[in-house]
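In: Starting from these lines, generate the structure:
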Amino acid sequence: MKTKAGIAAAAVLSAATLAACATRPAYESNTQAVDDATITANVKAALVQDPRTRASNISVNTLHGQVELTGFVNSPQEGREAAHDAGGVPGVRSVDNKLQINGGGPVLSQATDDPTISEEVRSALASNPQTQALRVEVTTSDGVVQLAGFVDSEQERIAAGSVASSVQGVRHVDNDLRLNPAD
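Out: Okay, the predicted model is just below:
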């Protein structure tokens with residue numbers, strides 16, 4: 001009888017061990033999914049906080065602590081900075097930098113909304129020496145930027161249109177800037 005009881009106890013113990021093992025991978029995969037989501041959110045936050053990368057069209061995907069960066073940046077330096085930012089986030093095991101350099105043309109990102117585009121255009125105009133003194137009204141609808149107001153010369157009008165069209169997410173610029181009427 002002892003041997004039958006011993007075999008039965010061993011069978012129960014084995015079944016309990018197998019059951020525990022069977023639930024463990026599901027638990028670990030759920031934990032990993034939460035960890036990966038946290039890492040992704042933290043990498044995105046790091047990119048937004050860095051003034052050199054916050055305006056970029058960068059997507060972040062994480063699997064088992066391995067971060068993949070895809071999308072567009074304006075320069076190789078900006079791409080390296082993004083990878084550096086991502087690598088500094090706790091929990092990141094490696095960074096696969098698949099970022100591409102903008103070809104100079106506008107890039108439309110589904111994640112870029114019109115108010116953000118308008119703000120980026122205003123910022124670009126304010127930081128450009130040729131356009132910083134201009135008073136330009138900027139509105140955006142579906143990635144189409146409209147510039148309105150008055151400028152002193154045709155060169156200022158052209159420069160403002162050029163600066164606006166260089167901002168990521170801008171599909172087209174309607175340059176409605178007018179020359180100041182002669183006094």
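In: Please make it C-alpha for all contacts and neighbour counts, starting now.
Out: OK.
In: any idea how far the closest residue to residue 133 other than its chain neighbours lies from residue 83?
Out: Nearest in space to residue 133, with sequence neighbours left out and distances taken as Cα to Cα, 6 or more residues apart in numbering, is residue 126 at 7.2 Å. Going from residue 126 to residue 83 by Cα to Cα, to the nearest Å gives 28 Å.
In: For those two, work out which one has more neighbours and name it.
Out: Neighbour comparison, residue 126 and residue 83: the larger count goes to residue 83, with 22 against 17 (by other Cα atoms under 10 Å).
In: Okay, and the more buried one sits in which element?
Out: With elements delineated by DSSP states H and E, residue 83 resides in helix 76-87, which encompasses its position.
In: what comes up buried for that helix?
Out: Judged by neighbour count (16 or more other Cα atoms under 10 Å), helix 76-87 contains these buried residues: 78-79, 81-83, 85-87.
In: hey, where'd the helices end up in this protein?
Out: The residue ranges that make up the helices of the chain, judged by DSSP state H, are 2-49, 76-87, 114-127, 154-165.
In: so how far is residue 125 from the residue positioned nearest the centre of the chain?
Out: For the chain, the residue sitting closest to the mean C-alpha position, by Cα atoms, centre = their mean, is residue 58 at 3.5 Å. Using Cα to Cα, we find residue 58 at a distance of 23 Å from residue 125.
In: neighbours around residue 180, how many?
Out: Should you count by other Cα under 10 Å, residue 180 turns out to have 11 residues around it.
In: need the contact list for it.
Out: The neighbourhood of residue 180, defined by Cα atoms under 8 Å, 6 or more residues apart in numbering, consists of 150-153.
In: Highest neighbour count among those residues?
Out: Ranked by the number of neighbours (other Cα under 10 Å), those place residue 151 first, at 20 neighbours.
In: before we move on, the earlier item: nearest to residue 72, of the buried residues of helix 76-87?
Out: The shortest separation between residue 72 and any of the buried residues of helix 76-87 is 8.3 Å, and it belongs to residue 79 (by Cα to Cα).
In: pretty sure that closest one is touching residue 99, no?
Out: Yes. Contact between residue 79 and residue 99 holds when scored by Cα atoms under 8 Å: they sit 6.3 Å apart.
In: shared neighbours of the two, anything?
Out: By Cα under 8 Å, 6+ apart, the residues touching both residue 79 and residue 99 are residue 73.
In: what separates residue 125 from residue 181, distance-wise?
Out: As for residue 125, its distance to residue 181 is 22 Å (criterion: Cα to Cα).
In: Please name the residues that touch the nearest residue in space to residue 137 that is not next to it in sequence.
Out: Of all residues not flanking residue 137 in the chain, residue 148 sits nearest, at 5.0 Å (Cα to Cα, 6+ apart). Applying Cα under 8 Å, 6+ apart, one finds that residue 148 lies in contact with 136-138, 175-178.
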